[in-house]
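*Asks:* Please find the sequence and the predicted model below.
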Amino acid sequence: MLKKLICIECPVSCELLIELSDGKVIKIEGHKCDKGQEYAKSEIENPQRIITSTVLAEKLSLKMVPIRSDKPIPKDKVLPAIEAIKEIRIKEPVALGQVIRENFLNLGVNLIATRDVS
Amino acid sequence: MIKRDLVVVGAGPAGMAAAISAYKAGVRDILLLEREQFLGGVLNQCIHTGFGIEYFKEVLTGPEYAGRFIKELKNLPEINLSLRSFVIKLNCDKVLTFLKPGQMEQVKAKAIIMATGCREKTREMVHIAGSRPSGIFSAGLAQKLINIEGVLPGREVVIVGSGDIGLIMARRFTLEGAQVKAIIEIKDRTSGLLRNVIQCVKDYDLPLLFNHKIKRIYGNQRVKKVSLAKVDKNYNEIKDSEFFIDCDTVLISTGLIPENELIEMADIKIKSEDDLNKTSLPGVFVCGNSYKVYDLVDSATKDSQEAGTMAAEYIRSLNA
Ligand SMILES: Cc1cc2nc3c(=O)[nH]c(=O)nc-3n(C[C@H](O)[C@H](O)[C@H](O)COP(=O)(O)OP(=O)(O)OC[C@H]3O[C@@H](n4cnc5c(N)ncnc54)[C@H](O)[C@@H]3O)c2cc1C
Ligand code: SF4
């Protein structure tokens, strides 16, 4: 079976042509770099996304602290993860890159702050 | 009046890159003026990933991308930062007037780099008929409200225009629990990046309507509904195609225009695209989104570094 995908790893947006057999990727064409290959495989077999959001700060210089997952998580876990993030509060100053939650929801990723907030 | 070799106006990615590169090219007396309380410009509200892929070969969020330059700036004490400093005037003698809390100051520079970014097109510029209730926002303002102020501006949203900021905001509203009822695009394709169509629209099954236009906004105090219609390839309305969508919020995401009032008031002209960063007045340069609207911050950074080098060369030529 053939499937078309657009690689979303960078703005070039290569159109990938993927040959599948039993749900597994056997051949990929159209990628201008190796990342396209990894993307196609992951998008077919286990689609993943990095999540970004904001967390409410208490008594800090900014009301919201921007955060992200340090690695992508399975796509079907994005909405529950975002809901769980809404419950978090940050009460101490944080630095860009600082881990806010380790192994968040047992997904094997950390949530990190993406900005210094004093 | 204070005197400086180089004054840079605006501390978004463009202004920061220009100031740092001017320093690297030998300028030591630099003043960087920023009206906000923080460095980083519009990147502070762009919490999504998609920055730095070209420049840093890494996938960063807006604040992380800005953070790299903020860190570098803070290690260069020769670049004098002045926050909450709103430039209100520039003249042909290269004198800038700016407001700081409680005072007005003037600075005369040998060279000036303007990096004031861009602003969004408003409803007035895109001509939508109807009443003027609350609940109409530009996409960038909504982004600021959600990501910086922590306020969700509405629950049922129609987005007009499929530019990148609109697409990013469609996903952001969805994740925050609002319902995106439609994204309307008058053309037959998106004006944003394909990657944003996939990860912001398709991932969440949001309705993106091509060849549609918004006709009218209804509502007294607050937006109640909008009317939409199909258009043909010349953007003319197709007869009897009008329909309504209930919503409490309309986002306008129809493009950006360079912010160049100060330069225009001084009667300085920006040169053509192949004369990067130059203006009609030697020693005055423009870079970043105030020079032209960049889709990617990475390219804005690279071009702005050129502006820093050009300013350094100009100052050197005065001293020679
Ligand atoms: C909402 C939005 C989303 C975007 N998403 C992406 C993306 O996903 N990926 C990507 O690569 N690019 C994206 N971009 C583009 C990228 O952010 C811009 O190219 C880049 O930020 C432009 O930088 P700049 O420094 O020219 O402008 P800005 O970041 O706007 O900085 C201008 C600075 O000048 C200051 N200023 C303005 N006027 C004055 C004055 N009179 N006195 C003092 N200071 C002043 C402002 O306060 C601001 O800090 C996005 C842009 C916008 C607007
Ligand atoms: S394959 Fe490589 S070049 Fe093409 S879109 Fe993906 S990351 Fe970009």
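*Replies:* Perfect, I can see it now. Ligands and ions are numbered 1, 2, ... in the order given.
*Asks:* Residue B:216 and residue B:127 touch, don't they?
*Replies:* No: counting by CB atoms under 8 Å, residue B:127 is not a contact partner of residue B:216; they are 11.1 Å apart. For glycine as for every other residue, the C-beta is placed from the backbone atoms N, C-alpha and C.
*Asks:* Which one's more surrounded, the two?
*Replies:* The neighbour comparison of residue B:216 against residue B:127 (other CB atoms under 10 Å in any protein chain shown) goes to residue B:216, with 15 against 7.
*Asks:* Model confidence score at that one, please.
*Replies:* We have a pLDDT of 94 for residue B:216.
*Asks:* Over to the one 3 residues further on?
*Replies:* Looking at residue B:219, its pLDDT reads 95.
*Asks:* any idea how far it is from residue B:280?
*Replies:* In this view, residue B:219 and residue B:280 are 46 Å apart by CB to CB, to the nearest Å.
*Asks:* who has more neighbours, these two?
*Replies:* Comparing residue B:219 with residue B:280 by neighbour count (other CB under 10 Å), the higher total belongs to residue B:219, at 19 against 13.
*Asks:* Pull the contacting residues for the nearest residue to that one once chain neighbours are set aside.
*Replies:* Nearest-residue entry for residue B:219: residue B:133, 3.7 Å, with adjacent residues in sequence omitted and distances by CB to CB, 6 or more residues apart in numbering or on different chains. By CB atoms under 8 Å, 6 or more residues apart in numbering or on different chains, the residues touching residue B:133 are B:217, B:219-224.
*Asks:* which phi and psi does residue B:133 have?
*Replies:* Backbone torsions for residue B:133, taken as degrees, to the nearest 10, come to phi -80, psi 170.
*Asks:* Can you list the buried residues in stretch B:185-196?
*Replies:* Across stretch B:185-196, burial judged by 16 or more other CB atoms under 10 Å in any protein chain shown covers B:185-186, B:190-196.
*Asks:* how about it, does it get close to chain A?
*Replies:* Yes: counting by CB under 8 Å from any CB of the partner chain, contacts between stretch B:185-196 and chain A involve B:193-195.
*Asks:* Would you map the strands across chain A?
*Replies:* Here chain A has its strands, by DSSP state E, at A:2-6, A:15-21, A:24-29, A:48-49, A:52-57, A:64-69, A:73-74, A:89-90, A:99-101, A:111-113.
*Asks:* Any part of the last one near chain B?
*Replies:* No: judged by CB under 8 Å from any CB, strand A:111-113 stays clear of chain B, getting no closer than 8.9 Å.
*Asks:* So what touches that strand?
*Replies:* A:65-70, A:85, A:88, A:90, A:94-101, A:104.
*Asks:* Those: which ones sit near chain B?
*Replies:* Counting by CB under 8 Å from any CB, the members of the contacts of strand A:111-113 near chain B are A:66, A:68, A:96.
*Asks:* The first one - nearest residue in space that isn't next to it in sequence?
*Replies:* The spatially closest residue to residue A:66, leaving aside those adjacent along the chain, is residue B:47, at 4.0 Å (CB to CB, 6+ apart).
*Asks:* my guess is the one you found contacts residue A:62, does it?
*Replies:* No: counting by CB under 8 Å, residue A:62 is not a contact partner of residue B:47; they are 11.9 Å apart.
*Asks:* what about the closest residue to ligand 1 within chain A, neighbour count?
*Replies:* Proximity of chain A to ligand 1 (CB to the nearest ligand atom) peaks at residue A:11, 7.8 Å away. Counted by other CB under 10 Å, the residues lying close to residue A:11 total 17.
*Asks:* thought it was touching residue B:51?
*Replies:* No: contact criterion CB under 8 Å: residue A:11 and residue B:51 do not qualify, at 10.7 Å.
*Asks:* quick one: which of the ones next to chain B among the contacts of strand A:111-113 is nearest residue A:1?
*Replies:* Checking those against residue A:1 by CB to CB gives residue A:68 as the nearest, at 34.5 Å.
*Asks:* hmm, back to that, in the buried residues of stretch B:185-196, find the pair that's most separated.
*Replies:* B:186 and B:195 (21.8 Å).
*Asks:* Return the residues of chain A in contact with chain B.
*Replies:* A:6-11, A:13, A:49-50, A:52-54, A:56, A:62-64, A:66, A:68, A:75, A:78-79, A:82, A:96, A:114-116.
*Asks:* mind running it again at 6 Å?
*Replies:* Proximity of chain A to chain B (CB under 6 Å from any CB of the partner chain) is limited to residues A:6, A:8, A:10-11, A:13, A:50, A:52, A:54, A:63-64, A:66, A:68, A:82, A:96, A:114-115.
*Asks:* Pull the most distant pair out of the residues you listed.
*Replies:* A:6 and A:63, at 36.2 Å, using CB to CB across the residues of chain A next to chain B.
*Asks:* dump the residue contacts of the spatially most distant residue from the centre of chain A.
*Replies:* Relative to the mean C-alpha coordinate of chain A, counting by CA atoms, centre = their mean, the farthest residue is residue A:59 (28.6 Å). Residues in contact with residue A:59 (CB atoms under 6 Å, 6 or more residues apart in numbering or on different chains): none are found.
*Asks:* Can you list the neighbours in contact with stretch B:87-99?
*Replies:* Outside stretch B:87-99, the residues touching it (CB under 6 Å, 6+ apart) are B:7, B:9, B:33, B:85-86, B:105-109, B:112, B:262, B:266.
*Asks:* so how far is residue B:132 from the residue positioned nearest the centre of chain A?
*Replies:* Computing the C-alpha centroid of chain A and ranking residues by CA atoms, centre = their mean puts residue A:50 first, at 0.7 Å. Applying CB to CB, the value for residue A:50 to residue B:132 is 39 Å.
*Asks:* what's the spacing between residue B:233 and residue B:189?
*Replies:* 12 Å.
*Asks:* just residue B:38 next, same as before
*Replies:* Residue B:38 is 36 Å from residue B:189, by CB to CB.
*Asks:* Write out the residues of the stretch 101-250 of chain B neighbouring chain A.
*Replies:* Going by CB under 6 Å from any CB, the residues of the stretch 101-250 of chain B near chain A are B:147, B:150, B:175, B:193-195, B:198-199.
*Asks:* list the helices and strands the lengthiest helix in chain B packs on?
*Replies:* Longest helix in chain B by number of residues (criterion: DSSP state H): helix B:297-319. Using 3 or more CB pairs under 6 Å, 6 or more residues apart in numbering or on different chains; DSSP states H and E, the elements in contact with helix B:297-319 are helix B:13-24, strand B:103-114, strand B:284-286.
*Asks:* export the ones you listed to CSV and tack on distance to residue B:43?
*Replies:* Putting the helices and strands packed on helix B:297-319 into CSV (distance: least, CB to CB, whole Å) gives the following:
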stretch, distance to residue B:43
helix B:13-24, 6
strand B:103-114, 18
strand B:284-286, 19
